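**Q** Have a look; sequence and predicted model below, questions after that.
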Amino acid sequence: MRYRKRKTRPRFLQQIRRPFLLAVVSCAAWQVESGVGSVLLDLAGAWPADATIALSLAVGGATIEAPRGLGLRIRMSGFLAEFSGSGFSKNGKTYTSAGYDRATRKVDLEVSSALGGVKVEWK
């Protein structure tokens, strides 16, 4: 009887090599946790009037793809958490998109990050 080693990677190592894609359809609250790697959140879809996403990042970053017209407020907390995005006003560690108060759809993101940051791309 012969024994051959399989040359496959453990499943969890394969998963962190690709960004996690979240396409939201009518959900009021999400909790996303990431250990090591990048996260891609696609906020396209039918949102209720108010929605919340709790995003926890250990090492790595998150890219948020948001449709134009969506009211987006991001609260950052963490050691070396950075924010990048156009069309936001800053108040402490809170970033609010222009027109947030008038938007029909609003999403609040609570971001906790040790090493990494958040980048918003408007679509």
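**A** Happy to help now that I have it.
**Q** got the contact list for the closest residue to residue 31 other than its chain neighbours?
**A** Closest residue to residue 31 apart from its sequence neighbours, by C-beta to C-beta, 6 or more residues apart in numbering: residue 54 at 4.6 Å. Every residue, glycine included, has its C-beta placed from N, CA and C. Each residue near residue 54 by C-beta atoms under 8 Å, 6 or more residues apart in numbering is listed here: 29, 30, 31, 32, 109, 110, 112.
**Q** Which of those residues fall in helices?
**A** Among the contacts of residue 54, no residue falls in helices (DSSP state H).
**Q** Redo those as a markdown table? Include distance to residue 69 and pLDDT.
**A** Formatted as a markdown table, the contacts of residue 54 follow (distance: C-beta to C-beta, whole Å; pLDDT from 0 to 100):
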| residue | distance to residue 69 | pLDDT |
| --- | --- | --- |
| 29 | 21 | 77 |
| 30 | 20 | 80 |
| 31 | 25 | 81 |
| 32 | 23 | 83 |
| 109 | 17 | 95 |
| 110 | 22 | 95 |
| 112 | 27 | 92 |
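**Q** gap between the closest residue to residue 82 other than its chain neighbours and residue 43?
**A** Distances taken as C-beta to C-beta, 6+ apart place residue 117 nearest to residue 82, at 3.4 Å, with adjacent residues excluded. Residue 117 sits 17 Å away from residue 43, going by C-beta to C-beta, to the nearest Å.
**Q** For residue 110, which residues count as its bridge partners?
**A** Assessed by DSSP bridges, residue 110 has beta-bridge partners residue 54, residue 75.
**Q** before we move on, what about residue 64?
**A** Beta-bridge partners, per DSSP bridges, of residue 64: residue 41, residue 120.
**Q** How many residues are close by it?
**A** 24 (other C-beta atoms under 10 Å).
**Q** What residues does it make contact with?
**A** 41, 43, 72, 74, 85, 109, 118, 119, 120, 121.
**Q** which regions of the protein sit below the pLDDT cut-off?
**A** 1-27, 48-49 (pLDDT under 70).
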